[in-house]
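**Student:** when you get a sec, could you give me coordinates for this:
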Amino acid sequence: MGKITVVGSIAMDLVTRTLRVPKAGETVFGQDFSMVPGGKGANQAIAMARLTPHEVNMIGAIGTDAFGQSISENFEKNAVLFKNVGTIPQMTGIAQITLFDEDNRIIIIPGANNSVSTDSLKGSWEIIKNSELVVLQNEITHATNLAVAKFCRENGVKVLYNPAPARPTDLEMFDFVDYITPNEHECKALFPDDSLSSVLTKYPNKLIVTLGVAGVTFHDGQEVQLIPAIKAKVVDTTGAGDTFNGAFGFALTENLSVTDSVKFAVIASHLSVQKFGAQGGMPTLKEIKEHKNYEKKWNIK
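**Tutor:** Prediction:
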């Protein structure tokens with residue numbers, strides 16, 4: 001049945017690489033264009049399935065178009081359990097991504113992802129209930145996320161919540177989830193009047209904030225920790241955050257501490273940015289174990 005369940009978005013990424021971003025009314029030539037499967041939910045499911053094949057359930061929706069078919073084939077190829085991904089008569093979600101200056105700019109068109117509701121989950125509650133960890137993000141509706149989080153709290157299932165992109169209702173989730181992983185901008189949107197250190201202190205071992213090239217910070221119950229990022233020759237940062245969340249969630253299910261889970265996930269995100277595509281660089285467990293920063297004491301089989 002799988003030990004991890006992702007309830008979230010599925011999309012096709014339309015990726016343009018350019019040396020210059022056009023100004024309003026301007027046309028520029030790009031370097032290249034690619035179509036690759038994406039969506040935060042799907043990305044995080046695949047990041048975890050690379051580490052624990054055939055143990056990750058994906059719950060979401062795709063359209064009846066060619067993108068949906070391609071995404072289904074990609075789930076199968078990557079050993080994601082996707083029988084609870086519904087197909088509806090809409091377009092599959094789209095993410096328009098521009099790669100520029102070693103960073104990305106993303107526009108999301110939800111499409112079929114807007115249909116992921118409590119009604120659509122009728123056949124999935126048992127899978128959610130029997131999971132060790134459920135992973136949520138903000139590319140499906142807040143109402144669905146909140147319903148899943150409350151269900152998990154009632155049934156003793158741990159929840160990892162990635163509030164991306166940020167929205168005003170995110171704070172309603174805090175009482176029902178175990179781990180929250182915003183980036184620094186999303187964290188500031190959640191707590192505009194508080195310093196980062198004060199917010200981390202308020203949510204020890206629960207609020208994990210990613211800081212891009214600076215690393216990851218959290219409060220371990222005694223003090224604020226900063227796990228530095230590992231320098232890399234960057235090819236594409238798209239999906240680095242999803243890789244981090246997937247690896248972090250996987251490590252938690254392997255009974256690693258929050259600190260060690262963050263360190264493990266930092267290795268994964270470091271490896272991911274060195275290849276093209278949100279999913280293209282997501283590492284296998286073997287690749288992470290071969291990295292010099294992998295600690296043998298983790299003893300992950």
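**Student:** contacting residues for the closest residue to residue 186 other than its chain neighbours?
**Tutor:** Sequence neighbours aside, residue 166 is the residue nearest to residue 186 in space, at 4.0 Å (criterion: Cβ to Cβ, 6 or more residues apart in numbering). Every C-beta, even on glycine, is put in place using the N, C-alpha and C of the backbone. Taking Cβ atoms under 8 Å, 6 or more residues apart in numbering as the criterion, residue 166 is in contact with 138, 182, 185, 186, 189, 190.
**Student:** redo that, cut-off 7 Å
**Tutor:** 182, 186, 189, 190 (Cβ atoms under 7 Å, 6 or more residues apart in numbering).
**Student:** equivalent analysis for residue 16, please.
**Tutor:** 30, 33, 98, 99.
**Student:** pLDDT at residue 233, what is it?
**Tutor:** Note on residue 233: pLDDT of 86.
**Student:** shouldn't it be in contact with residue 275?
**Tutor:** No: using Cβ atoms under 7 Å, residue 233 makes no contact with residue 275, being 10.6 Å away.
**Student:** neighbour-wise, which of these two wins?
**Tutor:** residue 275 (14 against 7; other Cβ atoms under 10 Å).
**Student:** and the more buried one, what is it in contact with?
**Tutor:** 235, 236, 281.
**Student:** drop anything exposed from those residues.
**Tutor:** 235, 236, 281 (16 or more other Cβ atoms under 10 Å).
**Student:** can you put these in JSON lines and add distance to residue 84 and secondary structure?
**Tutor:** What follows is these, written out as JSON lines (distance: Cβ to Cβ, whole Å; DSSP: H, G, I helix; E, B strand; the rest coil):
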{"residue": "235", "distance to residue 84": "33", "secondary structure": "coil"}
{"residue": "236", "distance to residue 84": "30", "secondary structure": "coil"}
{"residue": "281", "distance to residue 84": "27", "secondary structure": "coil"}
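**Student:** closest to residue 128 among these?
**Tutor:** The closest of the buried ones among the contacts of residue 275 to residue 128 turns out to be residue 281 (Cβ to Cβ; 29.0 Å).
**Student:** and that closest one, how far from residue 43?
**Tutor:** Distance, residue 281 to residue 43, using Cβ to Cβ, to the nearest Å: 11 Å.
**Student:** next, the buried residues of the worst-scoring helix or strand of the chain on mean pLDDT.
**Tutor:** Least confident helix or strand, the chain: strand 103-109 with a mean of 88, by mean pLDDT, DSSP states H and E. Within strand 103-109, the residues that count as buried by 16+ other Cβ under 10 Å are 104, 108.
**Student:** got it, and stretch 287-300?
**Tutor:** For stretch 287-300, burial by neighbour count (16+ other Cβ under 10 Å) applies to 287, 288, 294, 298, 300.
**Student:** just stretch 167-183 next, same as before
**Tutor:** Applying 16+ other Cβ under 10 Å to stretch 167-183 flags 170, 173, 174, 176, 177, 178, 179, 180, 181, 182, 183 as buried.
**Student:** for residue 186, see how far away the second one is.
**Tutor:** Translated: residue 173. Distance from residue 173 to residue 186, by Cβ to Cβ: 12 Å.
**Student:** tell me where this structure has strands.
**Tutor:** With strands called from DSSP state E, the chain shows them at 4-7, 11-17, 32-38, 56-63, 85-88, 93-100, 103-109, 133-137, 158-162, 179-180, 209-210, 216-219, 224-227.
**Student:** show me the contacts for the residue lying closest to residue 276 once chain neighbours are set aside.
**Tutor:** Leaving aside its chain neighbours, residue 276 sits nearest to residue 236 (4.9 Å; criterion: Cβ to Cβ, 6+ apart). Residues in contact with residue 236 (Cβ under 7 Å, 6+ apart) are 99, 273, 275, 276, 277.
**Student:** nice, that's everything, thank you.
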